[in-house]
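[1] next input, structure requested:
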Amino acid sequence: MAETELKPVNGVYKVPDKGFVKLVEFMGGDRRALDSARVSFGSSSKGEAQDRKLIEYLLENGHLSPFEHSVFQFHVKCPIFVARQWMRHRIASYNEISARYTEVPDEFYMPDSFRAQDRINRQGSTRSGALEQEKMLGIYERSIKASYTAYRELLEAGAAREMARLVLPVAQYTQFYWSVNARSLLNFIALRTDEHAQYEMRRYADAILEIFREKMPWTWEAYAKIHKIKSS
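    Numbering: from 1, shown residues only. Model (predicted):
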């Protein structure tokens with residue numbers, strides 16, 4: 001499965017096949033983390049070189065509370081199976097669109113191909129040339145269409161939205177707002193860009209990483225150095 005390069009269009013990172021990540025608000029930054037750390041000593045900036053060293057020292061020695069004063073708010077559109085993994089990151093605030101209040105549009109994740117079960121990592125998958133892709137994609141597409149047809153028929157028959165939605169799969173797209181501080185966001189990035197994270201989840205995490213790197217470049221550079229992450 002080829003990975004397309006993630007580049008923002010009007011501030012929006014498009015994530016295959018119908019998703020996106022958009023930064024709505026941002027407060028703080030590298031400077032806010034530095035000021036929050038130095039308030040303990042009543043000191044101020046001593047220049048860029050010393051500021052960068054302080055950020056690296058804080059990250060390397062686990063003094064992470066100063067990074068809680070920088071806050072990101074995102075608007076995310078992703079499949080439900082991605083959202084459920086995302087919301088395991090609980091040190092954050094979420095508000096999600098409700099299928100009880102709104103009718104669900106005909107928007108479902110359509111993979112380019114199927115992966116096989118990884119025989120070593122029980123929760124993971126691996127690319128395989130042995131799979132009958134045309135057959136599997138056909139089964140998948142028919143199932144998606146049938147579920148949405150059933151949803152519409154239930155609504156037309158008078159079923160409440162909260163009941164009709166029960167026939168829909170986790171491939172359905174959802175949207176939510178996510179507010180999270182930089183400390184928690186670094187943890188999210190570390191876990192969800194890891195090679196063991198699900199491919200679809202990683203694509204969203206890659207977009208989040210790009211936004212973090214843009215808004216807090218000193219912090220990301222230090223974090224990447226400490227954890228031996230390629231920063232480009």
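
[2] quick one, what contacts Arg165?
    Ala99, Arg100, Val104, Tyr151 (C-beta atoms under 8 Å, 6 or more residues apart in numbering). Placement of C-beta: from N, CA and C, glycine included.

[3] these in strands, which ones?
    Among the contacts of Arg165, DSSP state E puts none in strands.

[4] a markdown table for these, including distance to Asp17?
    A markdown table is the format used below for the contacts of Arg165 (distance: C-beta to C-beta, whole Å):
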| residue | distance to Asp17 |
| --- | --- |
| Ala99 | 20 |
| Arg100 | 26 |
| Val104 | 17 |
| Tyr151 | 20 |
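
[5] for the protein, longest helix please?
    helix 133-156 (DSSP state H).

[6] one step back: ChimeraX command to pick out the buried ones of the contacts of Arg165?
    Remark: buried members of those, expressed as a ChimeraX selection using 16 or more other C-beta atoms under 10 Å:
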select :99,104,151
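
[7] picking that back up, just the residues contacting the longest helix of the chain, thanks.
    Contacts for helix 133-156 (C-beta under 8 Å, 6+ apart): 103-104, 106, 108, 110-111, 113-114, 161, 163-165, 167-169, 171.

[8] change it to 10 Å
    Helix 133-156 is contacted by residues 99, 103-114, 131-132, 159-161, 163-169, 171-172 when judged by C-beta atoms under 10 Å, 6 or more residues apart in numbering.

[9] now the element after it, going C-ward?
    The helix or strand immediately downstream of helix 133-156 is helix 161-164, counting by DSSP states H and E.

[10] contacts for that following helix, please.
    Residues contacting helix 161-164 (C-beta under 10 Å, 6+ apart): 98-104, 150-158.

[11] buried subset of those residues?
    Ala99, Val104, Tyr151, Leu154, Leu155.

[12] so what's the second one up against?
    Taking C-beta under 10 Å, 6+ apart, we find Val104 in contact with Ile97, Tyr148, Tyr151, Arg152, Leu155, Arg161, Ala164, Arg165, Leu168, Gln172, Tyr173, Thr174.

[13] and the fourth one, how far from Arg161?
    In this structure, Arg152 and Arg161 are separated by 12 Å, where distance is defined by C-beta to C-beta, to the nearest Å.

[14] least confident secondary structure element in the protein?
    Within the chain, no helix or strand scores below strand 125-126, which has a mean of 70 by mean pLDDT, DSSP states H and E.

[15] tell me which element Glu22 is part of?
    One thing to correct before we go on: residue 22 is Lys, not Glu. Assigned by DSSP H and E, Lys22 falls in strand 19-27.

[16] so which elements touch that strand?
    When contacts are defined as 3 or more C-beta pairs under 10 Å, 6 or more residues apart in numbering; DSSP states H and E, strand 19-27 sits against strand 8-9, strand 12-15, strand 71-79, strand 173-181, helix 199-215.

[17] go with 6 Å
    When contacts are defined as 3 or more C-beta pairs under 6 Å, 6 or more residues apart in numbering; DSSP states H and E, strand 19-27 packs onto strand 12-15, strand 71-79, helix 199-215.

[18] of these, which is nearest Leu54?
    helix 199-215 (18.3 Å; C-beta to C-beta).

[19] send me the helix or strand that that closest one is followed by as CSV with only the CA atoms.
    Next along the chain after helix 199-215, taking DSSP H and E as the criterion, comes helix 217-226. The C-alpha trace of helix 217-226 is given here as CSV (Å, rounded to 0.1, in the frame of the first residue of the first chain):
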residue,chain,number,x,y,z
PRO,A,217,10.1,23.1,16.4
TRP,A,218,12.6,23.3,19.2
THR,A,219,10.7,20.8,21.3
TRP,A,220,10.3,18.4,18.5
GLU,A,221,14.0,18.6,17.5
ALA,A,222,15.0,17.9,21.1
TYR,A,223,12.5,15.0,21.5
ALA,A,224,13.6,13.4,18.2
LYS,A,225,17.2,13.7,19.2
ILE,A,226,16.6,12.1,22.6
